[in-house]
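Undergrad: one predicted model, sequence on top.
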Amino acid sequence: MEKDFKILFVLVGLILIISGSLIFLSAKDYTGLLNLSNDSEISNSSQKILVVASVLPQKEFVDAVGGDKVQTVIMVPPGADPHTYEPKASQLQQMANAVMYVQVGSGIEFELSWMDKIQSFNQNMYIINGSKGINLIKSSEDDHSTEDNSNHDEGHGHSESDPHVWVSPLNAMIMVENIYQGLVKIDPKNKEYYLINKENYIKKLSQLDKNVTSELSDKKGTKILVYHPSWGYFCQEYGLTQIAIEKEGKDPTPKGMAILINQAKKDNIKVIFISPQYNTRSAEVIASEIGGKVVSIDELAPDYLNNMNHVVQSFKNL
């Protein structure tokens, strides 16, 4: 009886030791992926790399480069305004599991207001500035002067700049390159995989740029009337001029409305472009006054390539 008890005791001890070892190894593997320092390599975990980005167009960029190695989470959900959106507590808590954060980095208000808080949930999260290397234009809808962003501190935007950098396919190429560099930094063993994906997607962006140039070749100098000034970079690249109804997040005064109506009539503008994120009552009033129509285009839509082709056709049909 005493011998049987000793054997049982030894077996139970072995089971506890083996179980504890397995739990330790599993936990070590999990935390190795999530608590990554900037100079560390990802563990051999089979889990996908959790990458967080601010706005929806970035998801396609991250997914295009990261492929099946990444899981991309967006902070500003579809239909929300990235200038005013406040993240939910559950979104901020999710930061604890993120390995990399991709900022727009161009001064978008969401990031200016929330990046410090976001980073506080995970000090080890690698943050990249998606706009690094992009020449930012001033936020004024009719001022196309530029400033060099290549020397800005990584991860910091500037509020005086137009934050909608992604609407230019050429800027999108730079953003994709920055994402690639970030993924290689945190996961160097898969560099070749990311490189192939990046090059394939940049070819698609290059073709998009050629298509836009061709489709809008006869529209140079055309003035487009928009509710929200989202299209400055696009207009700069392809020779259009953007006139915005909203300025600094505010609808125009009655005097401002009258000026816009007169300008639209003078320039024979019959289409006003709106985005679904914003209250566009003033655009509808102006359209009524000029005998025009309101057309929806979305700078924050998913499926970047197809969405941009839709935008091009909308501008082409002016």
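TA: Good, I have the coordinates.

Undergrad: partners of residue 274 in the sheet?
TA: Applying DSSP bridges to residue 274 gives these bridge partners: residue 296.

Undergrad: neighbours around residue 65, how many?
TA: Counted with other C-beta atoms under 10 Å, the neighbours of residue 65 add up to 29. Just so you know, the C-beta spots here come from the backbone N, C-alpha and C atoms, and that holds for glycine as well.

Undergrad: that's a helix at it, yeah?
TA: Yes: read with DSSP: H, G, I helix; E, B strand; the rest coil, residue 65 is one of the residues of a helix.

Undergrad: wait, what's in contact with it?
TA: Contacts of residue 65 were listed using C-beta atoms under 8 Å, 6 or more residues apart in numbering, and they are 176, 179, 180, 183, 194, 197, 198, 201.

Undergrad: can you list the residues you listed in a markdown table and add distance to residue 220 and pLDDT?
TA: Shown next, in a markdown table, are the contacts of residue 65 (distance: C-beta to C-beta, whole Å; pLDDT from 0 to 100):
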| residue | distance to residue 220 | pLDDT |
| --- | --- | --- |
| 176 | 27 | 98 |
| 179 | 31 | 98 |
| 180 | 33 | 98 |
| 183 | 37 | 98 |
| 194 | 37 | 98 |
| 197 | 34 | 98 |
| 198 | 31 | 98 |
| 201 | 28 | 98 |
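
Undergrad: in CSV, list those residues along with distance to residue 60, neighbour count and secondary structure.
TA: As requested, the contacts of residue 65 are exported to CSV (distance: C-beta to C-beta, whole Å; neighbours: other C-beta atoms under 10 Å; DSSP: H, G, I helix; E, B strand; the rest coil):
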residue, distance to residue 60, neighbour count, secondary structure
176, 9, 24, helix
179, 11, 27, helix
180, 14, 24, helix
183, 15, 31, helix
194, 15, 22, helix
197, 12, 21, helix
198, 13, 22, helix
201, 9, 22, helix
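
Undergrad: pick the one among the residues you listed closest to residue 80.
TA: For the contacts of residue 65, the minimum distance to residue 80 (C-beta to C-beta) is 22.0 Å, reached by residue 179.

Undergrad: isn't that closest one right up against residue 101?
TA: No: between residue 179 and residue 101 there is no contact under C-beta atoms under 8 Å: 11.2 Å.
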